[in-house]
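1. Sequence first, then the predicted structure:
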Amino acid sequence: MVLNLIFLGPPGAGKGTVAQAVMDKYKLVQISTGDLLREEIASGSELGKKLAEVINAGQLVSDDLVSEMLSKDLAKKVSDPNFRGVIFDGFPRTQSQAPLLENILNEVNQKLNAVIYIESSKESVVKRLSSRWTCEKCKKVYNTVSFPPKKEGVCDDDGSKLIQREDDKPETIAKRYDTFIEKTSPLINYYKSKGILYKYDGNVPPLASIKAAEEIIEKIVKD
Ligand SMILES: [Zn+2]
């Protein structure tokens, strides 16, 4: 059976870790729009040149261009005799992009099997992400939970002060969380209405989160 999946979740929900584990277990491939953009530009193709122009002008890459790129890459992956399915990363981000992905999949006789939403509270995401501290001198990154410095607030290597980067501050993380919920709720409702939305409580350690995702997939495979 082919499994085409999307994982949704706010930044800090552990989406990357879960997607990687699922990919390994079920021998899936990933299509990341960010990676595709970088590769296409590096290749120097006509499309790559167009993309570079848009990005260099500080503009957002249009849905049409992203679709073209995705479509090209998906066709290549589907034609591989070992193709078992794909996890889409970075697209769709909004509800208006969802039908575009459906078209792209239709073109190669594929469909989206499931959208797995890793539900995480703002509190747990802030707690998880705001544990990052950076040395103001050598930029070494510490994690107060998993990789704390020997002496609180001080770099092990050079004794400099540890600071919190703007991105790692609780208020920045909270704002990103709100943006995610606001932008993604319509997309989540869209997939719910299509009957392919599955969700689980992501406020758990990584291994438990992976297990919950795999349980959902096992159910889908059986049905
Ligand atoms: Zn340092």
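-> Structure received.
2. This structure against the ion: which residues are in contact?
-> 135, 137-138, 140, 155, 157-158, 160 (C-beta under 5 Å from the ion). Glycine gets a C-beta too; all of them are placed from N, C-alpha and C.
3. Now restrict those residues to buried residues only.
-> Among the residues of the chain next to the ion, those classed as buried by 16 or more other C-beta atoms under 10 Å are 135, 140, 155.
4. Now do the helices in this structure.
-> 15-26, 33-43, 46-56, 63-78, 98-107, 122-129, 170-193, 206-222 (DSSP state H).
5. So which residue of the chain lies furthest out from the middle?
-> residue 159 (35.3 Å; C-alpha atoms, centre = their mean).
6. give me every residue that touches the residue nearest in space to the middle of the chain.
-> Among the residues of the chain, the one closest to the centroid is residue 89, at 4.9 Å (C-alpha atoms, centre = their mean). Each residue near residue 89 by C-beta atoms under 8 Å, 6 or more residues apart in numbering is listed here: 7, 19, 30-34.
7. Equivalent analysis for residue 216, please.
-> Residue 216 sits in contact with 114, 116, 198, 200, where contact means C-beta under 8 Å, 6+ apart.
8. quick one: which of these sit in strands?
-> Secondary structure from DSSP state E places 114, 116, 198, 200 of the contacts of residue 216 in strands.
9. In the residues you listed, which residue is surrounded by the most others?
-> Among these, residue 116 has the most neighbours (other C-beta atoms under 10 Å), with 26 neighbours.
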